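Enquirer: Quick one, what's the 3D model for this:
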Amino acid sequence: MPIGICSMAAVLHAHGHKTKLFDRTMEYNLLRGERSKIQDVMKQEILKFSPDLIALSTVSPAIYDTVECVQFIRTFYDKTIIAGGHHVTAMPGITLKQIPGVDWAVSGEGEFVLASLANGDDPLSIPGISGRKDDDIVSVPPEKITSLDALPFPKLDILNMPYYIKENPATIWGFNLSVATVLTSRGCPHQCAFCAESLTYGRGIRFHSPGYVMGCLKELTGRYKVNGIYFLDNDFVANRDRVETICRLMIDHGFQKKLKWAIQTRADRIDASILSSLKKAGCVKIELGIESGHQHQLNQVNKNEDLKASETALRLCRGNGIRAHAYMLIGLENETIESLNRQLAWLKRLKPDTSTWSLLHLYPGTLLYQEKGGGFFESHPWSETAINDYYSRSHLSGIPAEERRRWVENHLNPWLRQISVLSHLRNNPVSFWFEAMARDPLLKLRGVSNHIRTLLLR
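Expert: Have a look, this model is predicted:
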């Protein structure tokens, strides 16, 4: 669920404006990537709603889609177009040069910037705005929202909620639940060299109060029949006292009886005491950014975490009955096939419930991009071919792409499939599997029976 967009819609609504979301990501999935159909549907929605202002959210790996979107919209729309989000925050001026159909670029948090624009304020007086003035690009530095509790609850009714809360086993890895997304803080206190997650929120971390979080959960669960919550915070346990309070309040409100929930946090936040509080309040899964099983690689990307903390966290989660998901990176410096094999063997011994391994990307606005990105976005066209080529390559690893692909296919993927099946077996009722096999009889041939025997023997 794009909670940030819902928050902007809520502020605009509070200022008396009407909003509508055209969810290109959802439409892409529903229409199986058929762009001509997506464009047709988008045009119909825009013409029907007749907006005074269109705002687009951007991410670097899909910035070519923003380029195409703006070009297409400009064939029938002559009012204001704004772009914001991670990519624009990293390079507002270059965005305006690369996408001439965009009138204003928004850096940082967009809620009050959009409200000011919609209210008719002078754009170049609004913090976070970049625009053209004569032949120059003029930028006003962004400002953080000082009190997050001053924001209204996200306006979820702009979403196709049945699409987002449909039961699935992927929003909370391995648990087949109807899950809604909640964000209770903004930012992260750490500065990992590869991470762009907090780019729009700026350095540091700010929190909603526990009372605000409970109010949001009560409104959410009162309107939508969900049995799962995914907390989108980059580091949910950054403030331990606050987490303990939230856990107590969730129990006081009875949420632990009707909701299973998951969080993201750092491994060095985990100990037996906090796990006990989380579990009692209904937390069933903790996602940990392990990144690498080699300390020198963690040091290279400013992870600022001891590898032993990851080992301890995974063991504590398993010992205290909370499932753990391990996020790992491929493509770090000094990587070899041998080091990947050692890393995989290390993680197998620690037995996370589930895991994902992703190719390290160099995102604009990150330290790694500044040091190793080669000025790609400043010097290349923002075309689909160029962007996809950039994000398909490993910029730091010396392993040839084909060799890495074979390792993933022959060594990593079989293990990931195995633990995924085991996770589904552990975390869901038997009826889930009967229904899954009814939809896909080949599941039986893919080894479910063997995995059941493995599970029973462990």
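Enquirer: going forward, measure contacts and count neighbours with C-alpha atoms only.
Expert: Fine.
Enquirer: which residues in the stretch 301-450 of the chain form strands?
Expert: 323-330, 354-359 (DSSP state E, counting those that start in this stretch).
Enquirer: And those: which comes nearest residue 44?
Expert: strand 354-359 (36.6 Å; Cα to Cα).
Enquirer: export that closest one as CSV, just CAs?
Expert: Presented in CSV, the C-alpha positions along strand 354-359 are these (Å, rounded to 0.1, in the frame of the first residue of the first chain):
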residue,chain,number,x,y,z
THR,A,354,12.5,-16.9,4.8
SER,A,355,15.1,-14.9,2.9
THR,A,356,15.4,-12.7,-0.2
TRP,A,357,18.7,-11.9,-2.0
SER,A,358,18.8,-8.8,-4.1
LEU,A,359,21.3,-7.3,-6.5
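Enquirer: possible to save the strands of the stretch 301-450 of the chain as JSON lines with mean neighbour count, distance to residue 23 and mean pLDDT?
Expert: Below are those laid out as JSON lines (neighbours: other Cα atoms under 10 Å; distance: least, Cα to Cα, whole Å; pLDDT from 0 to 100):
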{"stretch": "strand 323-330", "mean neighbour count": "21", "distance to residue 23": "27", "mean pLDDT": "96"}
{"stretch": "strand 354-359", "mean neighbour count": "17", "distance to residue 23": "25", "mean pLDDT": "95"}
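Enquirer: Okay, domains of this structure per the record?
Expert: If you go by automatic domain parsing, the domain ranges for the chain are 3-139, 165-360+397-427.
Enquirer: okay if I get the strands of the stretch 301-450 of the chain as TSV plus distance to residue 22?
Expert: Output for those, formatted as TSV (distance: least, Cα to Cα, whole Å):
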stretch	distance to residue 22
strand 323-330	31
strand 354-359	28
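Enquirer: Looking at those, which is nearest to residue 74?
Expert: Comparing these by Cα to Cα, strand 354-359 comes nearest, at 34.9 Å.
Enquirer: Summarise which helices and strands the closest one is packed against.
Expert: Under the contact definition 3 or more Cα pairs under 8 Å, 6 or more residues apart in numbering; DSSP states H and E, strand 354-359 sits against strand 323-330, helix 413-427.
Enquirer: tell me the angle it makes with strand 323-330.
Expert: 20 degrees (axes from the mean of the first three to the mean of the last three Cα atoms, to 10 degrees).
Enquirer: Reformat the domains of the chain as JSON lines; add distance to residue 367.
Expert: Listed next are the domains of the chain as JSON lines, based on distance: least, Cα to Cα, whole Å:
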{"stretch": "domain 3-139", "distance to residue 367": "11"}
{"stretch": "domain 165-360+397-427", "distance to residue 367": "5"}
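Enquirer: Show me the one of those that comes nearest residue 382.
Expert: Nearest of those (Cα to Cα): domain 3-139, 5.4 Å.
Enquirer: first to last residue in that closest one, what's the distance?
Expert: One end of domain 3-139 sits 26 Å from the other (Cα to Cα, to the nearest Å).
Enquirer: same thing with stretch 253-261?
Expert: 15 Å.
Enquirer: Buried residues, that stretch. List them.
Expert: 255, 256, 259, 260, 261 (16 or more other Cα atoms under 10 Å).
Enquirer: what residues does that stretch touch?
Expert: The contact list for stretch 253-261 (Cα atoms under 8 Å, 6 or more residues apart in numbering) reads 172, 226-231, 250, 280-285.
Enquirer: Tell me the one of those nearest residue 237?
Expert: Nearest member of these to residue 237, counting by Cα to Cα, is residue 231, at 11.0 Å.
Enquirer: Tell me how many other residues crowd the closest one.
Expert: 19 (other Cα atoms under 10 Å).
Enquirer: correct me, but it touches residue 264?
Expert: Yes. At 7.3 Å, residue 231 counts as touching residue 264 under the criterion of Cα atoms under 8 Å.
Enquirer: Next up, the contacts around the nearest residue to residue 278 once chain neighbours are set aside.
Expert: What sits nearest to residue 278 in space, not counting adjacent residues and going by Cα to Cα, 6 or more residues apart in numbering, is residue 247, at 6.3 Å. If you count contacts by Cα under 8 Å, 6+ apart, residue 247 has them with 277, 278, 280, 281.
Enquirer: Check residue 204 too.
Expert: Residue 204 neighbours (Cα under 8 Å, 6+ apart): 187, 188, 189, 190.
Enquirer: Bridged to it, which residues?
Expert: residue 188 (DSSP bridges).
Enquirer: before we move on, back to that, buried ones among the contacts of stretch 253-261?
Expert: By 16+ other Cα under 10 Å, the contacts of stretch 253-261 give 172, 226-231, 250, 281-285 as buried.
Enquirer: Let's have the residues you listed in TSV, adding secondary structure and pLDDT.
Expert: Listed next are the buried ones among the contacts of stretch 253-261 as TSV, based on DSSP: H, G, I helix; E, B strand; the rest coil; pLDDT from 0 to 100:
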residue	secondary structure	pLDDT
172	coil	95
226	coil	96
227	coil	96
228	strand	97
229	strand	97
230	strand	97
231	strand	97
250	helix	96
281	coil	97
282	coil	96
283	strand	97
284	strand	97
285	strand	97
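Enquirer: Looking at those residues, spot the one nearest residue 87.
Expert: Closest to residue 87, out of all of these and judged by Cα to Cα, is residue 231, at 23.2 Å.
Enquirer: Now do that closest one against residue 359, distance only.
Expert: Counting by Cα to Cα, the gap from residue 231 to residue 359 is 24 Å.
Enquirer: The residue nearest to residue 278 falls within a helix, correct?
Expert: Yes. Counting by DSSP: H, G, I helix; E, B strand; the rest coil, residue 247 falls inside a helix.
Enquirer: on that earlier part again, wait, which of the domains of the chain is closest to residue 369?
Expert: Among those, if distance is taken as Cα to Cα, the winner is domain 165-360+397-427, at 7.8 Å.
Enquirer: Not counting sequence-adjacent ones, nearest residue to residue 416?
Expert: residue 355 (6.8 Å).
Enquirer: Against residue 195, how distant is that neighbour?
Expert: Taking Cα to Cα, one finds residue 355 at 18 Å from residue 195.
Enquirer: With residue 216 instead?
Expert: On the measure of Cα to Cα, residue 216 and residue 195 end up 28 Å apart.
Enquirer: and what of residue 424?
Expert: From residue 424 to residue 195 the distance is 30 Å (Cα to Cα).
Enquirer: Tell me the one of the contacts of residue 204 nearest residue 296?
Expert: Nearest member of the contacts of residue 204 to residue 296, counting by Cα to Cα, is residue 190, at 17.9 Å.
Enquirer: all strands of the stretch 101-250 of the chain, in order?
Expert: So, for the stretch 101-250 of the chain - with DSSP E, counting those that start in this stretch - the strands run 104-106, 129-133, 136-139, 179-182, 185-188, 204-207, 228-231.
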